[in-house]
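Q: everything below, folded, please.
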Amino acid sequence: MNQVRIIGGQWRRQLLRFPDSEALRPTPDRVRETLFNWLGQDLSGQRCLDLFAGSGALGFEAASRGAAQVVLVERAPRVLAALKDNARRLKCGTAVEIVGADALKFAASCRQPFDVLFADPPYRQGWLDRLEPLLPDLLAADGALYLEAEMPVQALGAWKTVRQGQAGQVYFHLLRQEPKA
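A: Numbers count the residues shown, from 1 in each chain. Model prediction:
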């Protein structure tokens, strides 16, 4: 089993374990630290969606930092089982919901918008283009979109990049919708 450490909040230093999987790229500690500096360390009361959950590092990190609800969506059975094991081990209770589903089908069925959306889809498969039309219903108007991609992204629909960085070959972005005048 592979593992990644939660870096902040109530579960700080706890390990998340996950199986080998070709498409799995856990967000490195340094990038997660930067992301939560951008978002703020305390996510109390926020609803978060980790749409391509993988290791669950982003979603569990958000829950550890006080998010009221975190939904992790993963379709790979072995990875999904590891997410459930990690949630049981951390005693997440109702703060974390784990859904076994296709990310886009889940996103299309959402009726209540999230405050923060974490999206780290498989690369070079057109996921961003397919995700873009779903964002208005998926994210609150003042919501934040965290995106990892194989290239720099300036915008995704009405959400524009406000912060960005690069770690190796991964580009990471924080996007927000411009307020309507």
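Q: every contact and neighbour count from this point should use C-alpha atoms.
A: OK.
Q: grab the nearest non-local neighbour of Leu174.
A: Leaving out its chain neighbours, the residue that sits closest to Leu174 by C-alpha to C-alpha, 6 or more residues apart in numbering is Tyr146, at 4.7 Å.
Q: check the offset of the one helix or strand the one you found maps to from the chain's centre.
A: Assigned by DSSP states H and E, Tyr146 belongs to strand 139-149. Taking the mean of its C-alpha atoms, strand 139-149 sits 9 Å from the chain's own mean (C-alpha atoms, centre = their mean, to the nearest Å).
Q: circling back: the residue nearest to Leu174 against His173, yeah?
A: Yes: assessed by C-alpha atoms under 8 Å, Tyr146 is found in contact with His173 at 5.7 Å.
Q: where does the protein have low pLDDT?
A: 1, 22-23, 180-181 (pLDDT under 70).
Q: which other helices and strands contact the biggest helix by length in it?
A: Ranked by residue count under DSSP state H, the longest helix found in the chain is helix 77-90. In terms of contacts (3 or more C-alpha pairs under 8 Å, 6 or more residues apart in numbering; DSSP states H and E), helix 77-90 is packed against strand 15-18, strand 96-100.
Q: residues contacting the residue nearest to the spatial centre of the chain?
A: The residue lying closest to the centre of the chain (C-alpha atoms, centre = their mean) is Phe118, at 2.6 Å. The neighbours of Phe118, taking C-alpha atoms under 8 Å, 6 or more residues apart in numbering as the test, are 48-52, 58-59, 145-147.
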